[in-house]
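J.: have a look at this prediction, sequence included:
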Protein chains: 2
Amino acid sequence: LRGSSMGNVITRCLELGAASAQYVRGSMEDEAFPEHVVKKAELVLGGLDMLILNHVGNSYFNYFDGDVGHVQKLLKINFLSYVAMTVSALPRLKDSGGSIVVVSSMAGKAGFPFTAPYSATKFALDGFFSSLRQELIIQKVDVSITLCILGFIDTESAMKAASDVVLVSPAPKEECALEIIKGGALRQREIYYKYAATKIPLLIRDWAPELLDYLIRRSYNVENLKKN
Amino acid sequence: LRGSSMGNVITRCLELGAASAQYVRGSMEDEAFPEHVVKKAELVLGGLDMLILNHVGNSYFNYFDGDVGHVQKLLKINFLSYVAMTVSALPRLKDSGGSIVVVSSMAGKAGFPFTAPYSATKFALDGFFSSLRQELIIQKVDVSITLCILGFIDTESAMKAASDVVLVSPAPKEECALEIIKGGALRQREIYYKYAATKIPLLIRDWAPELLDYLIRRSYNVENLKKN
């Protein structure tokens, strides 16, 4: 978000009763920025209880265009910066017995068309953080990792990119945000929102993968893809 | 492989009855190399029927050490070069109605400890190629994509890295190679080798995720991890 939008967010947080609220400006494409954000947060807050990783870079919603450079750039923003934030925050999260919350998507669990670069980055998060969770359990480290599997949500960017093409009705972003925070606070392994629209399709992904592939393809109005 | 080892492979291919066999030397860390390999293959072979993507970069088998640079480097070799090879080869594979075979792992489908960077790269392959497969089907492009889910195989590198720690007996690499080629030739969506040891655990990953996490942790002898 731009500086002025972030100012509005801060004002709204304080209106809603937050004791304090801060922001740090920068780009997650910049490899040094994740560590800088965590250090700044520690300085301002005196410690860390919960790390919610939720940012994504812009991508296109269309057939894969062959641009490998774009995939690499998106991996930096959507995946590597999440890993870097985690590395920087983990010592403080160990101190507090804290939580890591990783926001992902249905497109990070099953094959959806028109989001190949995005899907790669969201699957990578599942691989990395599911492996790390196992290691923390083996080491008896009391830091929880929650992976959030979200369906189609009515955020401005998702609506703009996909609302003409996706034939499912979007879920409200406010309730979604609450579910994400609850999942972290309750130290759940994964959360699904909305539950029925995300968990049930995933229950068949390994039992009837071609059926799920077909159902996913059927949920698009391909004629409404933007012509470039 | 080094040049002399590749020479031995070529000799053995010809002994076994191959009409011809070629190799190209280089590193998949070099961003220009994937395109070079495909162009060279087209030149030598006059076209392409099957693209088998199987190389991986060296990684460690241990708790995640916080080295984000290593994760980035491994993504280049294990993931981005697969995408680049595919982009270069796709026009010729469309000509021939060919196949893409992507070699992955159980650690590319579920959370295994001690392979966080590797798991991230293998999950990323699933996300990217499962999305691309959906797009090829929608576009009625006759190129198949086969993802290979392999368990513990008795290759030299896997035995060296993990045989002291992993409590499952390794499957033979020769039979594994045959299953990979069969999967591509039969245009299967995914192959599992060995089937029972890979497919059955995955059938429970969304139904009883914490049970699968537990069973995976139980399959390691953590005391035998290499001390650094």
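T.: Thanks, I have the structure now. Keep in mind that this is a model prediction, so the values were computed, not measured.

J.: surely A:Ser219 meets A:Val165?
T.: No: using C-beta atoms under 8 Å, A:Ser219 is not in contact with A:Val165, being 9.3 Å away. Bear in mind the C-beta positions are built from the backbone N, C-alpha and C, glycine included.

J.: flag every buried residue along stretch A:162-173.
T.: By neighbour count on 16 or more other C-beta atoms under 10 Å in any protein chain shown, the buried set for stretch A:162-173 is A:Ala162, A:Val165, A:Val166, A:Pro170, A:Ala171.

J.: which pair of those residues spans the longest distance?
T.: The span of the buried residues of stretch A:162-173, defined through C-beta to C-beta, is set by A:Val165 and A:Ala171 at 17.0 Å.

J.: list the contacts for the nearest residue to A:Ser88 once chain neighbours are set aside?
T.: Spatial nearest neighbour of A:Ser88, excluding adjacent residues (C-beta to C-beta, 6 or more residues apart in numbering or on different chains): A:Val38 at 3.8 Å. Listed by C-beta atoms under 8 Å, 6 or more residues apart in numbering or on different chains, the contact partners of A:Val38 are A:Leu48, A:Leu51, A:Met85, A:Ser88, A:Ala89, A:Arg92.

J.: after the longest helix anywhere in chain A comes which helix or strand?
T.: Counting by DSSP state H, the longest helix found in chain A is helix A:116-138. Counting by DSSP states H and E, the next helix or strand C-terminal to helix A:116-138 is strand A:144-150.

J.: that following strand: partners in the sheet, and parallel or antiparallel?
T.: strand A:99-105 (parallel), strand A:190-193 (parallel) (DSSP bridges).

J.: and that strand, what's buried?
T.: For strand A:144-150, the neighbour count (16+ other C-beta under 10 Å) marks A:Ser144, A:Ile145, A:Thr146, A:Leu147, A:Cys148, A:Ile149, A:Leu150 as buried.

J.: for stretch A:189-201, same thing?
T.: A:Glu190, A:Ile191, A:Tyr192, A:Tyr193, A:Lys194, A:Ala197, A:Thr198, A:Lys199, A:Pro201.

J.: show me the two of the contacts of A:Val38 that sit farthest apart.
T.: Farthest-apart pair in the contacts of A:Val38 is A:Met85 and A:Arg92; separation 11.5 Å (C-beta to C-beta).

J.: so between the two, which is more surrounded?
T.: Neighbours of A:Met85 and A:Arg92, each counted by other C-beta atoms under 10 Å in any protein chain shown, are more numerous for A:Met85; the result is 23 against 19.

J.: ok, that one touching A:Pro34?
T.: Yes: counting by C-beta under 8 Å, A:Met85 does reach A:Pro34; the two are 4.4 Å apart.

J.: name the nearest residue to A:Arg92, sequence neighbours excluded.
T.: Closest to A:Arg92 by C-beta to C-beta, 6+ apart is A:Leu48, at 4.2 Å.

J.: residues contacting that neighbour?
T.: A:Val38, A:Ala41, A:Glu42, A:Ala89, A:Arg92, A:Leu93, A:Ser96, A:Gly98.

J.: got those as TSV, with secondary structure columns?
T.: Listed next are the contacts of A:Leu48 as TSV, based on DSSP: H, G, I helix; E, B strand; the rest coil:
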residue	secondary structure
A:Val38	helix
A:Ala41	helix
A:Glu42	helix
A:Ala89	helix
A:Arg92	helix
A:Leu93	helix
A:Ser96	helix
A:Gly98	coil
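
J.: can you flag the buried ones in those?
T.: Neighbour-count burial within those applies to A:Val38, A:Ala41, A:Ala89, A:Arg92, A:Leu93, A:Gly98; the criterion is 16+ other C-beta under 10 Å.

J.: how many other residues sit next to A:Pro117?
T.: The burial count for A:Pro117: 25, using other C-beta under 10 Å.

J.: outline the domain layout of chain A.
T.: For chain A, automatic domain parsing gives the domain ranges A:1-30, A:42-224.

J.: any idea which of these is most buried?
T.: Comparing those by mean neighbour count (mean count of other C-beta atoms under 10 Å in any protein chain shown), domain A:42-224 ranks first with a mean of 19.
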